[in-house]
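Chemist: The sequence and its predicted three-dimensional model are supplied below.
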Amino acid sequence: QVRLVEAGGGLVQAGGSLRLSCAGSGIIFSSFAMGWFRQAPGKEREFVAGISRRGGLTNYVDSVKGRFTISRDNAKNTVLLQMNSLKPEDTATYYCGAAWSALASYVPVKNDDMTYWGKGTLVTVSS
């Protein structure tokens, strides 16, 4: 059974930091590109950050560039999202996704790219 389990969400003041983690099981983790997405109340789920299978390539939505960093540790089947300088508009439920691809250079950027999803972790940034 495939499982992606997010952790690390919570309440933080604007300007603060959080680190999200996503632990994968039931899949060959290194065969999947990974992505973080988020969904704010009343909005569609949107792409935040993606990383290739071995971690050499990353991509970010413009609104988080320079503030968020995605990384992965294939030995631990884990992908991380370091979030700094948080803003109230970052408030959302954050989801981890896994996207299978035969290409080592592939980085997911769309909801439809993902093969598996976690259940999400809530991040609330107060002003």
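Modeler: Cool, the structure landed.

Chemist: now the spatially most central residue of the chain, which residues is it bridged with?
Modeler: When the chain is reduced to its mean C-alpha position, the closest residue under Cα atoms, centre = their mean turns out to be W36, at 2.0 Å. Beta-bridge pairing for W36 (DSSP bridges): A49, C96.

Chemist: That one and T58 touch, don't they?
Modeler: No - judged on Cβ atoms under 8 Å, W36 makes no contact with T58 at a distance of 10.7 Å. All C-beta atoms are positioned from the backbone trio N, CA, C, and that covers glycine.

Chemist: which residues are common contacts for those two?
Modeler: Taking Cβ atoms under 8 Å, 6 or more residues apart in numbering as the criterion, W36 and T58 both touch 49-50, 70.

Chemist: Only whichever of these are buried, select them in PyMOL.
Modeler: Here is the PyMOL command that selects only those of those that count as buried (16 or more other Cβ atoms under 10 Å):
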select buried, resi 49+50+70
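
Chemist: now, among the shared contacts of W36 and T58, which is nearest to G8?
Modeler: For G8, the nearest member of the shared contacts of W36 and T58 is I70. The distance, counting by Cβ to Cβ, is 13.2 Å.

Chemist: And the closest one, how far from Q13?
Modeler: Distance check for I70 against Q13: by Cβ to Cβ, to the nearest Å, it reads 23 Å.

Chemist: next one: N74
Modeler: If you go by Cβ to Cβ, the gap between N74 and Q13 works out to 33 Å.

Chemist: ditto for I51
Modeler: 28 Å.

Chemist: Partner strands of the strand or helix carrying I70 and their direction?
Modeler: Assigned by DSSP states H and E, I70 falls within strand 68-73. Here strand 68-73 is paired, per DSSP bridges, with strand 78-83 (antiparallel).

Chemist: quick one: the strand it pairs with to chain centroid distance?
Modeler: From the chain centre to the centre of strand 78-83 is a distance of 7 Å (Cα atoms, centre = their mean, to the nearest Å).

Chemist: cool, stretch 56-68 as well?
Modeler: The answer for stretch 56-68 is 11 Å, by Cα atoms, centre = their mean.
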